[in-house]
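# for reference, the sequence and a predicted model appear below.
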Amino acid sequence: MRGGDARSMKVAVVPHALVNAAPDQPALASARQLLEERGVGLIAMPKPELVTDVAYWITTTLDQVLDYRKHGYSTFVVGVEGLLGLGVWYPRLAEEFRRRAGRDPVLIRLDPQDPDAGLRALDQVLNQAAGAAGR
């Protein structure tokens, strides 16, 4: 905790489907709950069918992510198997992240068919020391 701030100093880019997980998607609801319990800030990407300018969303999202990183936050991406671009336009997001940050973003893949593996990976990133993940 820094200066009385209870947040974790971690921020995740997540799909809309994770933030608004339906009751029939327990893996996504469990991941969201874990992120919330650990005080992780979420940058939710919109539903793909509502977006007309993907480049805009990628640019503005990465502006936020890089600003958080500049201020000592750990950042990572949580993608969901079965969603187009993992629900975060991952190939394009990774390409732009590489161009601007010089490396790939930390990616955790959640597979609704095998939720335990993704939740373990997510838990591992969250257990890292503040400021270590995503740098």
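Cool, the structure landed. Note that the structure is predicted; figures quoted are calculated from it, not measured.

# show residues contacting the longest strand along the chain.
Longest strand in the chain, counting residues (DSSP state E): strand 74-80. Strand 74-80 is contacted by residues 9-15, 17-18, 28, 31, 35, 65, 68-69, 85-88, 90, 93, 105-112, 122, 125, 128, 130-135 when judged by CB atoms under 8 Å, 6 or more residues apart in numbering. For every residue, glycine as well, the C-beta is placed using N, CA and C.

# strands paired with it, and their directions?
Partners of strand 74-80 in the sheet, by DSSP bridges, are strand 10-14 (parallel), strand 107-110 (parallel).

# so where's the chain uncertain?
By pLDDT under 70, the weakly predicted segments of the chain are 1-7, 129-135.

# can you do 80?
1-7, 128-135 (pLDDT under 80).

# go through the lengthiest helix in it and flag the buried ones.
Secondary structure of the chain per DSSP state H: the longest helix is helix 54-70. Neighbour counts over helix 54-70 (16 or more other CB atoms under 10 Å) mark 57-58, 61-62, 65, 68-69 as buried.

# check stretch 70-82 too.
Residues 73-80 are the ones in stretch 70-82 that count as buried (16+ other CB under 10 Å).

# just the terminal-to-terminal distance for it.
32 Å (CA to CA, to the nearest Å).

# so what's Arg98 up against?
Counting by CB under 8 Å, 6+ apart, Arg98 touches Asp104.

# tell me the spacing between it and Tyr90.
Noted for Arg98: a distance of 12 Å to Tyr90, by CB to CB, to the nearest Å.

# much appreciated, bye for now.
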